[in-house]
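Asks: coords please:
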Amino acid sequence: MKWVILDRDGVINEDSEAYIKSAAEWHPIAGSLEAIARLNQAGYRVCVASNQSGLGRGLFDYDAFAAMNALLHRRLAEFGGRIDALAFAPEAPEKSSDMRKPEPGMLTDLARRLGIQLDGVWFIGDKDSDLAAARAAGARPVLVRTGKGRKTEAAGAGEDVAVYDDLAAAVSALLAA
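Replies: Model (predicted):
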């Protein structure tokens with residue numbers, strides 16, 4: 001079975017310095033939902049691994065978080081796509097655990113629960129913490145320029161990182177390989 005792991009905010013949906021706090025604020029990045037559906041149709045299972053410190057900071061609650069994810073699932077279904085697993089770290093940065101990226105715990109926990117090896121699995125993110133977590137977990141770090149990706153690229157993502165304009169471009173490259 002083939003797997004891909006995605007960060008959420010800045011990769012699948014638009015990000016905000018003020019955080020995405022409700023389903024009304026959740027807007028997919030152009031082409032991202034179609035890209036996930038293309039992965040599914042090509043036989044890939046897709047997981048999401050996302051820091052959600054807005055929960056720990058009290059900016060939104062679990063009901064709002066569930067509503068955002070339900071919207072993601074509904075919108076994906078319109079394109080024949082799905083998310084097979086979702087992992088998130090609700091802690092605020094000052095109370096972080098090994099589950100919060102850049103630590104690898106969220107990724108290794110996903111792998112353990114799903115019974116998969118992360119070697120060669122693409123983890124597509126837009127922040128240095130995504131890339132660091134991928135490296136530490138043994139996954140392949142991939143950067144998109146959406147969200148905070150351009151800033152991450154400018155700071156030096158690393159020679160081991162493939163960089164694409166957006167999730168659609170990354171998926172096209174993966175499926176062409």
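Asks: Can I take it that Leu86 is in a strand?
Replies: Yes. Counting by DSSP: H, G, I helix; E, B strand; the rest coil, Leu86 is located in a strand.
Asks: contacting residues for it?
Replies: Taking C-beta atoms under 8 Å, 6 or more residues apart in numbering, we find Leu86 in contact with 47-48, 50, 69. All C-beta spots, glycine's among them, are computed from the backbone N, C-alpha and C.
Asks: Phi and psi next, for Leu107.
Replies: Per-residue torsions, Leu107: phi -70, psi -40 (degrees, to the nearest 10).
Asks: Now for the residue nearest to it when sequence neighbours are not counted: which residues touch it?
Replies: Leaving aside its chain neighbours, Leu107 sits nearest to Ala137 (3.8 Å; criterion: C-beta to C-beta, 6 or more residues apart in numbering). Counting by C-beta under 8 Å, 6+ apart, Ala137 touches 104, 107-108, 111, 118, 123.
Asks: Recalculate using a threshold of 7 Å.
Replies: 104, 107-108, 118 (C-beta atoms under 7 Å, 6 or more residues apart in numbering).
Asks: The residues you listed in helices, which ones?
Replies: Cross-referencing these against helices under DSSP state H gives 107-108.
Asks: And the contacts of Ala137, which of them are buried?
Replies: By neighbour count, with 16 or more other C-beta atoms under 10 Å, those hold 104, 107-108, 118 as buried.
Asks: Make JSON lines out of these and add pLDDT.
Replies: Formatted as JSON lines, the buried ones among the contacts of Ala137 follow (pLDDT from 0 to 100):
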{"residue": "Pro104", "pLDDT": "97"}
{"residue": "Leu107", "pLDDT": "98"}
{"residue": "Thr108", "pLDDT": "97"}
{"residue": "Leu118", "pLDDT": "97"}
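Asks: Between those residues, which sits nearest Ser22?
Replies: Leu107 (27.0 Å; C-beta to C-beta).
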